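Colleague: Have a look at this prediction, sequence included:
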Amino acid sequence: MVAFSFAALPLVASTLASAAPVFTQVLSNGRLTGSSFGLPGANATYDYVIVGGGLAGSVIATRLSEQLPNQTIAVIEAGSFAELSNTNWSQIPYYSEQFAGADVDDWQPLIDWGLATLPQAGGNGRRYHYAQGKCLGGSSERNQMIYHRSTAGSYKAFADHVGDDAYLFENMDPFFKRSYHFNLPNDEVRPANATVNYTLTGYDIPGSGVELSYGHYANAISSYGPAAFASLGFEANHDFNSGNLTGYGYFPSTIDPVTGLRSSAESGLLSPAIAKSPLLTIYQSCMARNILFDGQKRATGVNVTVDGIKPFTLTARKEVILSAGAYHSPQLLMVSGVGPRSTLEQFNISVISALEGVGQNSWDTANLGGPSFNISTVSSSRIAEPGPALDEAMTQLLANGSGPLSNIGEDFWGWEKIPSELRTNFSQSTKDAFAAFPADWPEFEFVISNTGTSLSSSGSGSHDVGALAVLMTASTSRGNMTIQSASNDVAPVISPNWITTKEDQELAVAGFRRGRQIAQALGAYQGEVSPGPSVQTDAEILKWIQEEGLAAIHHCSALCAMGRSNNTMAVVDSKARVYGVTGLRVIDSSSLPFTPPGHTQGTTYAHAEKLVQDVIDAAKGISA
């Protein structure tokens with residue numbers, strides 16, 4: 001991981017800030033910029049009220065304003081613009097992990113909620129910071145910008161689970177393609193040994209919206225990836241958006257190749273929508289407190305405050321759409337009277353709809369850490385401190401959107417189910433548990449990273465360090481969350497419960513062993529630094545994962561899970577309508593029925609695109 005020097009960052013921030021456009025008082029359509037923002041403290045009425053201006057909320061606001069241009073839309077967002085609240089650290093890919101670490105104190109209050117887990121048994125009792133975006137664009141302003149689709153088999157399982165073939169991979173294809181502008185790799189700019197072999201199956205050319213690219217810079221250690229993975233039986237994968245994840249290759253990211261900067265739901269969708277639509281109003285730095293219902297259990301609006309004061313109400317003529325994120329959507333449901341009856345009664349909250357599934361059975365990817373090792377090539381640790389290397393990197397970024405600052409420090413990966421030779425010690429229950437996953441659902445994602453800290457050993461100078469991240473994308477452990485107050489001023493109680501089952505622990509050990517094999521196969525590998533050669537047995541490996549390796553990767557889903565009406569744990573139907581009430585939908589990662597394999601960014605964009613189309617169709621009188 002990058003060893004950040006706070007002394008280095010002001011140099012980066014001030015240099016990039018000088019190239020940024022000055023804030024404009026007048027939008028391109030001639031309207032005053034301030035006309036697009038709501039006045040806190042003043043009651044108002046809109047056709048649609050969206051709670052949360054994050055990734056999904058930005059999609060929803062954009063599409064409603066485009067396709068229902070005569071409807072008024074309000075977006076309530078607790079944060080503001082990350083570019084202002086977090087200076088350039090949110091924009092420069094290299095710094096994407098800043099304020100997103102595992103330590104409970106590693107957070108920035110202007111862009112993050114500062115959530116901390118309960119002590120995690122899978123992490124040897126440690127509490128973890130769980131980063132969640134509190135800004136326009138949400139976690140698309142906080143994540144590592146990795147973009148891909150999940151597998152066709154996982155979407156077949158999705159469709160079967162919710163009883164709606166609209167979620168089959170082929171039927172979701174247009175919704176995946178709707179959110180982004182795909183940029184072809186530029187091999188004239190990329191290093192000669194970093195050519196991207198790709199197909200265009202999963203893309204519309206050019207498309208519009210969030211910028212999607214392979215970037216102009218590739219990490220030196222990644223050039224050793226193809227040979228390493230191939231030597232272990234992996235096959236090349238030329239399109240991680242085709243419905244198949246198995247194999248190795250470079251992956252695309254939501255990075256603008258022209259500038260080398262992050263492209264988010266805010267910059268690619270919401271901000272252009274604000275500039276175009278006179279009926280879209282943003283309430284920034286405003287906190288939704290609870291959803292209002294009438295006597296027929298119809299959602300009629302939202303109570304809002306600013307810093308706990310200045311209360312006001314936004315009334316919705318048509319629908320309230322909850323898009324507050326993985327943990328805050330279920331929290332807001334509960335404090336509004338929708339959730340497990342026993343929890344609501346415990347806090348004297350009037351029960352509007354008793355739904356036992358709110359806050360239960362979350363899915364999340366387990367980041368097991370992985371081996372770190374000395375390498376014979378350069379790593380991005382060289383720009384972690386002020387000096388000529390950082391100066392040169394900044395020059396490259398500003399000149400043509402290239403250089404190591406335009407890369408998160410990871411750009412090459414491989415996916416697979418663990419091979420048979422590493423499954424011989426699995427118990428029968430472990431074999432059965434993972435056999436139940438779709439055949440194309442990978443169990444692991446292995447990511448080559450060059451963001452290791454430059455280490456020094458006594459008398460031997462410094463070393464560039466690489467790492468092999470081991471991410472467990474199939475899991476039997478399930479998490480949960482609840483409230484600890486009738487007010488959402490108090491943070492929710494969250495517990496991802498990573499690797500707590502015996503089955504997950506057996507798979508985790510096998511995955512770590514496989515990660516070690518991949519690391520050792522890299523041509524630049526020069527010996528393991530951590531955990532080191534003394535950690536060899538299954539028990540030693542599991543102990544290291546629990547005590548040192550485990551970290552959050554922030555792929556939580558399903559705390560307001562979608563499901564059939566006869567599923568007692570379902571919270572919303574296949575169109576995201578909350579059971580037991582009317583006029584209320586939940587559209588974000590919390591309403592996924594499970595976390596499909598891999599990173600949730602691409603899935604959440606498509607999920608929001610599909611579900612907001614349902615809202616639009618309903619408004620137009622189009623029935624499915």
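Modeller: Perfect, I can see it now.

Colleague: contacting residues around Glu540?
Modeller: Ser534 (Cβ atoms under 8 Å, 6 or more residues apart in numbering). No exception for glycine: its C-beta is placed from N, CA and C like everyone else's.

Colleague: can you pull out the strands in the stretch 51-200 of the chain?
Modeller: Along the stretch 51-200 of the chain, the stretches classed as strands by DSSP state E, counting those that start in this stretch are 73-76, 115-116, 129-130, 180-182.

Colleague: what's the closest of these to Ala433?
Modeller: strand 129-130 (25.3 Å; Cβ to Cβ).

Colleague: Reformat the strands of the stretch 51-200 of the chain as JSON lines; add distance to Gln601, mean neighbour count and mean pLDDT.
Modeller: JSON lines is the format used below for the strands of the stretch 51-200 of the chain (distance: least, Cβ to Cβ, whole Å; neighbours: other Cβ atoms under 10 Å; pLDDT from 0 to 100):
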{"stretch": "strand 73-76", "distance to Gln601": "20", "mean neighbour count": "27", "mean pLDDT": "99"}
{"stretch": "strand 115-116", "distance to Gln601": "19", "mean neighbour count": "20", "mean pLDDT": "97"}
{"stretch": "strand 129-130", "distance to Gln601": "16", "mean neighbour count": "24", "mean pLDDT": "96"}
{"stretch": "strand 180-182", "distance to Gln601": "10", "mean neighbour count": "22", "mean pLDDT": "93"}
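
Colleague: okay if I get the ones you listed as CSV plus distance to Ser534?
Modeller: Listed next are the strands of the stretch 51-200 of the chain as CSV, based on distance: least, Cβ to Cβ, whole Å:
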stretch, distance to Ser534
strand 73-76, 53
strand 115-116, 32
strand 129-130, 29
strand 180-182, 46
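
Colleague: Quick check: which of those is nearest to Trp89?
Modeller: Judging the strands of the stretch 51-200 of the chain by Cβ to Cβ, what sits closest to Trp89 is strand 129-130, at 16.2 Å.

Colleague: What strands line up against the closest one, and which way round?
Modeller: strand 115-116 (antiparallel) (DSSP bridges).

Colleague: Next one: the closest residue in space to Asp173 that isn't next to it in sequence from Ser80, what distance?
Modeller: Closest residue in space to Asp173, ignoring its immediate chain neighbours: Gly202 at 7.9 Å, by Cβ to Cβ, 6 or more residues apart in numbering. Distance of Gly202 to Ser80, given as Cβ to Cβ, to the nearest Å: 34 Å.

Colleague: Now do stretch 279-290: distance to the chain's middle.
Modeller: Remark: stretch 279-290 is offset 22 Å from the chain centroid, using Cα atoms, centre = their mean, to the nearest Å.

Colleague: what helices or strands is the strand ranked longest in the chain leaning on?
Modeller: When the chain is parsed with DSSP state E, its longest strand is strand 309-322. Using 3 or more Cβ pairs under 8 Å, 6 or more residues apart in numbering; DSSP states H and E, the elements in contact with strand 309-322 are strand 44-51, strand 287-293, strand 299-306, helix 328-335, strand 584-586, helix 600-619.

Colleague: what's the closest of the ones you listed to Val470?
Modeller: Per Cβ to Cβ, nearest to Val470 of the helices and strands packed on strand 309-322: helix 600-619, 18.1 Å.

Colleague: Report the buried residues of that closest one.
Modeller: For helix 600-619, burial by neighbour count (16 or more other Cβ atoms under 10 Å) applies to 600-616, 618-619.

Colleague: can you check stretch 180-200 too?
Modeller: Tyr180, His181, Phe182, Asn183, Pro185, Arg190, Ala194, Val196, Tyr198.

Colleague: ok, now stretch 104-124?
Modeller: 106-108, 111-118, 120, 122-123.

Colleague: Which members of those are the farthest-apart pair?
Modeller: Between any two of these (Cβ to Cβ), the greatest distance is 27.3 Å, for Ile111 and Gly122.

Colleague: closest to Pro340 among the buried residues of stretch 104-124?
Modeller: Leu118 (17.5 Å).

Colleague: Test my guess that that closest one contacts Pro492.
Modeller: No. Leu118 is beyond contact range of Pro492, at 10.7 Å (criterion: Cβ atoms under 8 Å).

Colleague: Would you mind giving the buried residues of stretch 180-200 as TSV with distance to Ser565 added?
Modeller: Below are the buried residues of stretch 180-200 laid out as TSV (distance: Cβ to Cβ, whole Å):
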residue	distance to Ser565
Tyr180	34
His181	38
Phe182	38
Asn183	43
Pro185	46
Arg190	51
Ala194	50
Val196	45
Tyr198	42
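
Colleague: with these in mind, which one is nearest to Gly369?
Modeller: Scanning the buried residues of stretch 180-200 for proximity to Gly369, where the rule is Cβ to Cβ, the winner is Ala194, at 25.9 Å.

Colleague: about what we covered before: could I get the buried residues of stretch 104-124 in JSON lines, plus columns for distance to Asp432?
Modeller: Listed next are those as JSON lines, based on distance: Cβ to Cβ, whole Å:
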{"residue": "Asp106", "distance to Asp432": "39"}
{"residue": "Trp107", "distance to Asp432": "40"}
{"residue": "Gln108", "distance to Asp432": "44"}
{"residue": "Ile111", "distance to Asp432": "43"}
{"residue": "Asp112", "distance to Asp432": "39"}
{"residue": "Trp113", "distance to Asp432": "38"}
{"residue": "Gly114", "distance to Asp432": "40"}
{"residue": "Leu115", "distance to Asp432": "34"}
{"residue": "Ala116", "distance to Asp432": "35"}
{"residue": "Thr117", "distance to Asp432": "29"}
{"residue": "Leu118", "distance to Asp432": "29"}
{"residue": "Gln120", "distance to Asp432": "25"}
{"residue": "Gly122", "distance to Asp432": "21"}
{"residue": "Gly123", "distance to Asp432": "26"}
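
Colleague: Among the residues you listed, which are located in helices?
Modeller: Using DSSP state H, no member of the buried residues of stretch 104-124 sits in helices.

Colleague: so, if you compare those residues, which one comes nearest to Ala157?
Modeller: Nearest member of the buried residues of stretch 104-124 to Ala157, counting by Cβ to Cβ, is Gly122, at 24.5 Å.
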